[in-house]
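Asker: Attaching a predicted model along with its sequence, questions to come.
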Amino acid sequence: MSWPPSNAEHLLVTAAQMTALEEEMFASGLPVAALMEKVGQAMAAWFRQHPELLADGVKVLVGPGHNGGDGLVVARELHLAGVKVQLWAPLPIRQPLTAQHWTYVKSLGIHQLDHAPDVAGEPVWIEALFGLGQSRPLPEALATLLQARQRCQPGKLVSLDVPAGLCSDSGIPFPGGAAVAMTTLTVGLLKQGLIQDAAIDHVGRLVRVDMGVPEILLKQLPQSQTRRLCSADVATLPCQHLAAGAMKYERGRVLVIAGSDDYPGAAFLAIQGAIASGAGSIQAAVPVAVADQLWQVAPEVVLAAALESSAAGGMAVAPWLASHDLSRFDAVLIGPGLGRGGEPWSVMAEPLQRFAGLLVLDADGLNRLALVTDGWQWLKQRQGHTWLTPHAGEFRRLFPQLKARQPLDAALEASRLCGAAVLLKGAHSVVADPSGAAWQLAETASWVARTGLGDLLAGYAAGLGSMDAAKAQVCHCQGESLAVVALLHAEAARRCRQGSSASSIAQSLAELTISLQANECDQGHVKGYECKR
């Protein structure tokens, strides 16, 4: 696994891993005081770059440990820069280094409150209470205070390292609640809990404060360490271009099996996704209602079959599937909008099991599989690669034993169990590979959480996956290819200015994809020529 690089901007770590890295730095001779000074100075510099936050002064909530010490360095530097600073320590300070900083800032004349600050006050609160590795709920009075602050002055609190009351591994607030930050300045490497969906509303904007973790220590982390994906990673995608002379059937052959009388739009959107990928040949098995309009909506798509619905309402796929030669395709997508009332998975299973290409299972394909006795275990019998693209509800139905786990852990375990690459959709979607590698999106657009985007994603996954298969090059890390799909889909949605509907984003996705396939940067310049990036 080589993309994105294993550096401080991408690696997501647990609290235990971050603590171990710090301890190795201290054991190698780095003074704790030097690290606290470096971190605090960097945080203070960030505040000085945002003078609008300092106009009414700041109130620093100082915790008992080293997180409180970081806050005191920030307080000192802002005070020396002319900012009005007040301090409040709700708990006795227990770390000697933090106590020394407390004594020093007192000598500078910084005002120290003997009571909780006014929750309605205008000054920004700098929350430096507990930081990394919190393991228990906040004291009730503190939790109540932080909740009142959010009600009275939303968006006027900045947390240092990890918001108080938030688990830095899972991202779940402890009972009683957690601080709600407009920005979190996290130290060193990115803590995995801070980008989980459960944490988004508490973390706000996430800013990494560099503490200079040596490269030699980063290399000690597992090769499969989870990595964050963000917009800048589009520029470094591991794209392998098809041969210039390849004909259409050598540029990816996709079969889309989607739609039903109840959900005809799902078929059209999945087809749009496959078209956006640039795949050379696309065929579709769709319900009759969609087939009658296909030539008008997508004339480049070959109608493989016009299928009737079953008595239960879902599209009847099995008889046609059993008689069709799937070896003519590099990838098959099945699921979007099929309807859950169709024939059981068992009658569709045999041809899909034998198919040696990439199988993309989405939506009602996953729901039908979840209803059979062996469920996800069927996936281990597949001859070819399989990609699963469930949302949370579909995931819980297929992997009920994992429903209590958080998305990152759940996706990794599901992928390990079934041998398929898993894209667990959410605000910050997770992609997991059977090898134990994982990727998680971190910069996404909340306004595109709309119906149809999943259908578009499934079609796009099948299209790009078919192109990989057409190169006759086996990708040993299917998760990496699926992570590329997830990032491009999310980035096209984030960039789209024509609208937030799936149809609008399909056009944005097609434009982004062709720029990459033409070896252009995202400004339209050919890399290495006009482009200076």
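Answerer: Noted; the coordinates are in hand.
Asker: which residues are contacting the strand or helix carrying V39?
Answerer: Using DSSP states H and E, V39 falls within helix 32-48. For helix 32-48, contacts defined as C-beta atoms under 8 Å, 6 or more residues apart in numbering pick out 22, 25-26, 53-54, 58, 66, 69-74, 76-78, 81, 97, 101, 126, 158, 160, 185, 187, 207, 209-212. Every C-beta, even on glycine, is put in place using the N, C-alpha and C of the backbone.
Asker: go again using 7 Å as the cut-off
Answerer: Contact partners of helix 32-48, identified using C-beta atoms under 7 Å, 6 or more residues apart in numbering, comprise 26, 53-54, 66, 69-70, 73-74, 77-78, 81, 97, 160, 185, 187, 207, 209-211.
Asker: how big is the angle separating the next helix or strand after that helix from helix 32-48?
Answerer: As assigned by DSSP H and E, the chain's next helix or strand after helix 32-48 is strand 58-62. Angle, strand 58-62 to helix 32-48, by axes from the mean of the first three to the mean of the last three C-alpha atoms, to 10 degrees: 150 degrees.
Asker: Contact partners for A75?
Answerer: Per C-beta under 7 Å, 6+ apart, neighbours of A75: 60, 85, 87, 105, 110.
Asker: how about the helices in the stretch 351-500 of the chain?
Answerer: Counting by DSSP state H, counting those that start in this stretch, the stretch 351-500 of the chain has helices at residues 363-370, 392-398, 407-418, 453-470, 478-495.
Asker: Show me this protein divided up by domain.
Answerer: As assigned by automatic domain parsing, the chain contains the domains 12-225, 248-517.
Asker: Throw the ones you listed into JSON lines and include mean pLDDT and distance to S6, thanks.
Answerer: Compiled in JSON lines, the domains of the chain are given as follows (pLDDT from 0 to 100; distance: least, C-beta to C-beta, whole Å):
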{"stretch": "domain 12-225", "mean pLDDT": "97", "distance to S6": "6"}
{"stretch": "domain 248-517", "mean pLDDT": "92", "distance to S6": "11"}
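Asker: out of those, nearest to A235?
Answerer: domain 248-517 (9.4 Å; C-beta to C-beta).
Asker: what's the offset of that closest one from the middle of its chain?
Answerer: 18 Å (C-alpha atoms, centre = their mean, to the nearest Å).
Asker: what distance separates the start and the end of that domain?
Answerer: This stretch, domain 248-517, spans 15 Å end to end (C-alpha to C-alpha, to the nearest Å).
Asker: for stretch 184-193, same thing?
Answerer: Distance across stretch 184-193, first residue to last, is 12 Å (C-alpha to C-alpha).
Asker: What is the neighbour count of the residue nearest to Q383 when sequence neighbours are not counted?
Answerer: Using C-beta to C-beta, 6 or more residues apart in numbering and skipping the chain neighbours, the partner closest in space to Q383 is A356 (5.0 Å). Counted with other C-beta atoms under 10 Å, the neighbours of A356 add up to 14.
Asker: who's the residue most central in space within the chain bridged to?
Answerer: By C-alpha atoms, centre = their mean, the chain has its centre lying nearest to L441, at 2.3 Å. For L441, the beta-bridge partners are L229 (DSSP bridges).
Asker: Could you identify which of the helices of the stretch 351-500 of the chain is most buried?
Answerer: Here the criterion is mean neighbour count by mean count of other C-beta atoms under 10 Å, and of the helices of the stretch 351-500 of the chain the winner is helix 453-470, at a mean of 28.
Asker: isn't A148 right next to G121, touching?
Answerer: No: the criterion here is C-beta atoms under 7 Å, and A148 misses it with G121 at 11.4 Å.
Asker: hmm, back to that, correct me if wrong: the residue nearest to the centre of the chain contacts V485.
Answerer: No: L441 lies out of contact with V485 (C-beta under 7 Å); the separation is 11.2 Å.
Asker: hey, what's in contact with both of the two?
Answerer: Contact criterion C-beta under 7 Å, 6+ apart; residues shared by L441 and V485: none found.
Asker: Could you find the closest non-adjacent residue to Q272?
Answerer: A506 (4.1 Å).
Asker: what number of residues lie near the one you found?
Answerer: Burial measure for A506: 25 neighbouring residues, criterion other C-beta under 10 Å.
Asker: Report the angle between the host helix or strand of it and helix 453-470.
Answerer: Assessed by DSSP H and E, A506 sits inside helix 502-517. Per the same axes, to 10 degrees, the angle that helix 502-517 makes with helix 453-470 is 30 degrees.
Asker: hang on, the earlier thing: of all the residues in the helix holding V39, which ones are buried?
Answerer: By 16 or more other C-beta atoms under 10 Å, the buried positions in helix 32-48 come out as 35-40, 42-44, 47.
Asker: now swap in stretch 211-227 and tell me
Answerer: 211, 213, 218, 221, 224-227.
Asker: Over to stretch 21-31?
Answerer: 21-22, 25, 30.
Asker: Kindly indicate which of those lies nearest D114.
Answerer: For these, the closest approach to D114 (C-beta to C-beta) belongs to E22, at 32.9 Å.
Asker: which residues touch the residue nearest to S508 when sequence neighbours are not counted?
Answerer: In this structure, S508 finds its nearest non-sequential neighbour in C496, 3.8 Å apart by C-beta to C-beta, 6+ apart. Contact analysis of C496 by C-beta under 7 Å, 6+ apart lists 504-505, 508.
Asker: got the CA coordinates for the helix or strand containing W320 in PDB?
Answerer: Assessed by DSSP H and E, W320 sits inside helix 318-323. Extracted as PDB, the C-alpha positions of helix 318-323 are listed here (Å, rounded to 0.1, in the frame of the first residue of the first chain):
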ATOM      1  CA  ALA A 318     -32.300 -14.800 -11.700                       C
ATOM      2  CA  PRO A 319     -33.600 -16.500 -14.900                       C
ATOM      3  CA  TRP A 320     -31.800 -14.000 -17.100                       C
ATOM      4  CA  LEU A 321     -28.700 -14.100 -15.000                       C
ATOM      5  CA  ALA A 322     -28.400 -17.800 -15.200                       C
ATOM      6  CA  SER A 323     -28.500 -17.800 -19.000                       C
END
